[in-house]
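Asks: Mind folding the following:
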Amino acid sequence: QVQLVESGGGLVQAGGSLRLSCAASGRAFMNYAMGWFRQAPGKEREFVAAIKWSYSTHYADSMKGRFTISRDNAKNTVYLQMNSLKPEDTAVYYCAARETVGTNWYEAPGAYAYWGQGTQVTVSS
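Replies: Numbering: from 1, shown residues only. From the prediction side, this is the model:
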């Protein structure tokens, strides 16, 4: 079992930045690929980015350039740095974990077994 707790959300003006954190506890952090997803009201949960123990990263095409995922394996924590935020980035952001298998990347929410409670990000225009 893996427990995930997100933090760092809040209200920010368009053009601003936020850094989200996700603290993991439970089983060995090294065995898990970590992902960030977001869900806006009335929309499906959307993949943002993922990172493996090796620090290799994968982004949704629409997220490249403004969002950066990173992890601190010593602290069992994964981060999402979000820059140049836009009102359309407003959503609940979720951290997720899945056991690392092979070299594939997974963008479907159903591929992740563990989820945090989410943190609200609101970008005002």
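Asks: Next, please give the residue ranges for the strands of this structure.
Replies: Applying DSSP state E to the chain gives strands spanning 2-7, 10-13, 18-26, 32-39, 46-51, 57-59, 67-72, 77-82, 91-99, 114-115, 119-124.
Asks: Tell me which of those sits most buried.
Replies: Neighbour counts (mean count of other C-beta atoms under 10 Å) averaged over each of the strands of the chain peak at strand 32-39, with a mean of 25. Every residue, glycine included, has its C-beta placed from N, CA and C.
Asks: Off-centre distance for that strand?
Replies: In terms of C-alpha atoms, centre = their mean, to the nearest Å, the centre of strand 32-39 is set 4 Å apart from its chain centre.
Asks: tell me the angle that strand makes with strand 18-26.
Replies: Strand 32-39 and strand 18-26 meet at an angle of 130 degrees, taking axes from the mean of the first three to the mean of the last three C-alpha atoms, to 10 degrees as the criterion.
Asks: quick one: strands adjacent to strand 32-39?
Replies: Here strand 32-39 has these sheet partners by DSSP bridges: strand 46-51 (antiparallel), strand 91-99 (antiparallel).
Asks: now what about that strand, what contacts it?
Replies: 2, 20, 22, 24, 45-53, 67, 69, 71, 78, 80, 89, 91-100, 105-106, 109, 112, 114, 118, 121 (C-beta atoms under 8 Å, 6 or more residues apart in numbering).
Asks: Next, format the strands of the chain as TSV and append mean pLDDT.
Replies: Shown next, in TSV, are the strands of the chain (pLDDT from 0 to 100):
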stretch	mean pLDDT
strand 2-7	95
strand 10-13	98
strand 18-26	95
strand 32-39	96
strand 46-51	97
strand 57-59	96
strand 67-72	96
strand 77-82	97
strand 91-99	96
strand 114-115	96
strand 119-124	98
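Asks: Having no further points to raise, I will conclude here.
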